[in-house]
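Trainee: For reference, the sequence and a predicted model appear below.
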Amino acid sequence: MHLDRHVRLWGLFKSDKSLDDYLTESATFRMPYALRRLFATIMVFCDCANIRRLWDNHFDSMSEDFGCTRDNSLRIEQMVLRDISYHLTSIGKDIRHYGLPELHETERSRDHYRELTEELNLGFDKDHLKIVDMLNAEQVAGYEEILDHVLKNKQHLFVDGPDGTGKTYLYKALIAKVRSMDLIVVATAISGIASSILPDGCTAHSRFKIPIKLSGNTMCSFTKQSGIAELLRRASLIIWDEVAMTKRQPIEALDRSLQDIMGCE
Ligand SMILES: Nc1ncnc2c1ncn2[C@@H]1O[C@H](COP(=O)(O)OP(=O)(O)OP(=O)(O)O)[C@@H](O)[C@H]1O
């Protein structure tokens, strides 16, 4: 999101060389999915004379998370194209107009990222934006701290409090605020009842595909290329309500899977 904004706002990069350098530098600290989004933004907002050369130069970095092997390089190319096409479509552009390798029709129409598409199509309850004005001092402190984490890409926060002290109320305010900024929130809870109270919430086990039988090194049942993985990579806020009520194994399984899809330890 920030990269996109910079590229758009600066109106910079007068030459292909500076675009090339920028992508090379970005590849050292950005995840492949963020590079693909940046690439799509460059295609639309920068004056690049030879986008195909830029594609050739940065394809490897943009495809790293699709597990590049010689055997399935064509398939991987289609997946990268599909993702870039997805970003272009969201800004009203068509990948066919930029001289990149052809995206096959079957790939174009297939929704690899169903979960992500569904999440992006979610609205938010405008009334919930008003909740922030009713929060008590402790809720405001939690609200501000969590929002700060969201905006600065910081990590875990644990919210705790006795029953009925307004945790869900706080989450509703946060979910509306974050979704109103066009950022993704994945809202889950342990129980079906608690998850149904969260706006567009679902149970943690179903959202994260946590297996029923868990051992010391079990991972969640989604692949790196799946819509769930993409949804989680792009999520700005993941809420797991009532997490203290679960055993440690499901949390560790999700932790391992998140590390895997984010490529970190
Ligand atoms: N700041 C507030 N102003 C007005 N009502 C509030 C406030 N905070 C919470 N409430 C109300 O208090 C009730 C309990 O809040 P909530 O369900 O958010 O608590 P909780 O901590 O999630 O509870 P539990 O742990 O049982 O799930 C709800 O009806 C909620 O609307």
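Mentor: On my side now, so go ahead. Numbers count the residues shown, from 1 in each chain.
Trainee: going forward, measure contacts and count neighbours with C-alpha atoms only.
Mentor: OK.
Trainee: What degree of burial does the closest residue to Gly161 other than its chain neighbours show, as a neighbour count?
Mentor: Nearest residue to Gly161, sequence neighbours excluded (Cα to Cα, 6 or more residues apart in numbering): Lys167, at 7.3 Å. By other Cα atoms under 10 Å, 17 other residues sit near Lys167.
Trainee: Equivalent analysis for Asn217, please.
Mentor: Asn217, neighbours per other Cα under 10 Å, totals 9.
Trainee: what's the distance between the residue lying closest to it once chain neighbours are set aside and Gln259?
Mentor: Distances taken as Cα to Cα, 6+ apart place Ala253 nearest to Asn217, at 7.1 Å, with adjacent residues excluded. Distance, Ala253 to Gln259, by Cα to Cα, to the nearest Å: 10 Å.
Trainee: Show me which of the two is the more surrounded one.
Mentor: Counting neighbours by other Cα under 10 Å for Ala253 and for Gln259 shows that Ala253 has the greater number, 22 against 11.
Trainee: could you list every residue that touches the more buried one?
Mentor: Contacts for Ala253 (Cα atoms under 8 Å, 6 or more residues apart in numbering) come out as Ile210, Leu214, Asn217, Thr218, Met219, Cys220.
Trainee: right, and Asp155 touches Leu147 too?
Mentor: One thing to correct before we go on: residue 155 is Gln, not Asp. No. Gln155 lies out of contact with Leu147 (Cα atoms under 8 Å); the separation is 11.4 Å.
Trainee: sorry, back to before: what is the nearest of the contacts of Ala253 to Ala137?
Mentor: Using Cα to Cα, Ile210 is the member of the contacts of Ala253 that lies nearest Ala137, at 35.5 Å.
Trainee: In space, what's closest to that closest one - neighbours in sequence excluded?
Mentor: Of all residues not flanking Ile210 in the chain, Cys220 sits nearest, at 4.8 Å (Cα to Cα, 6+ apart).
Trainee: residues near the one you found, how many?
Mentor: Residues lying near Cys220 (other Cα under 10 Å) number 22.
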